[in-house]
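J.: Predicted model and sequence below, questions to follow.
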Amino acid sequence: MKKLLFLTIIPFLSFGQLFTIENDYMELYNISSVNNFSENTYVNTLQDVSMSFEIIVDSMPATWDFQHCFPECHPINTYSIDPISFLADSSVFLKGHFYPNNTPGDGLLIMELEANHGLYVDTVIWRGSAMEETDLKEYLNNSNEIKYITNLAGQRVNSINSEGVIIVTYKNNQSKTYYILK
């Protein structure tokens, strides 16, 4: 019985993982007037592979564009690429760009990476938020409209001391996210 168990495990070992992704979830924040904002990661190959990608989810304002670089930058709003071969032990650059085109809002891109014609599949997610530029003093001076202000960790803040993202919740329970520049 032990020999049979050992023999049934061997096929699973031979079809193991073909690549890893250093960071498969990225959140990006910037102001909507910025031309583009981006975040990158690396795909690390464990064996010789042939890889392609397809954008399986794109949810963003209609005026936004996106771009991916894997390993080179592809035309804006490219939804898929044909397979590209990579050698084992390669570290392949993968970057996602959002182009908000002066439109505040939130974007979500989910890329499905496929190796060796579907033998191995994984996903990478970019979540981007482009915020309006604002004069924070204007909002703080209208404190009768503000219920509270929090940072990204959900902690309430009483003063803004550095660059970063804040979330203002108003008394009508609506929230707005702002990127603070010093």
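T.: All right, it came through fine.
J.: use CA for all of it now, contacts and neighbours both
T.: Will do.
J.: Where does L109 fall, secondary structure wise?
T.: Taking DSSP states H and E as the definition, L109 sits inside strand 105-115.
J.: tilt between the helix or strand following that strand and strand 105-115?
T.: Next helix or strand after strand 105-115 toward the C-terminus (DSSP H and E): strand 120-131. Orientation check (axes from the mean of the first three to the mean of the last three Cα atoms, to 10 degrees): strand 120-131 against strand 105-115 gives 160 degrees.
J.: after the helix or strand of the chain with the lowest mean pLDDT comes which helix or strand?
T.: Least confident element among the helices and strands of the chain, by mean pLDDT, DSSP states H and E: helix 2-14 (a mean of 42). Past helix 2-14, further along toward the C-terminus, the next helix or strand under DSSP H and E is strand 19-21.
J.: Which other helices and strands does that next one contact?
T.: For strand 19-21, the contact count by 3 or more Cα pairs under 8 Å, 6 or more residues apart in numbering; DSSP states H and E identifies strand 37-45 as packing neighbours.
J.: Would you mind pulling the contact partners of the strand it packs on?
T.: The contact list for strand 37-45 (Cα atoms under 8 Å, 6 or more residues apart in numbering) reads 18-24, 26, 28-30, 86-99, 126.
J.: Quick one: buried ones out of those residues?
T.: Among the contacts of strand 37-45, those scoring as buried are 18-19, 21, 24, 28-30, 86, 90-92, 94-99, 126 (criterion: 16 or more other Cα atoms under 10 Å).
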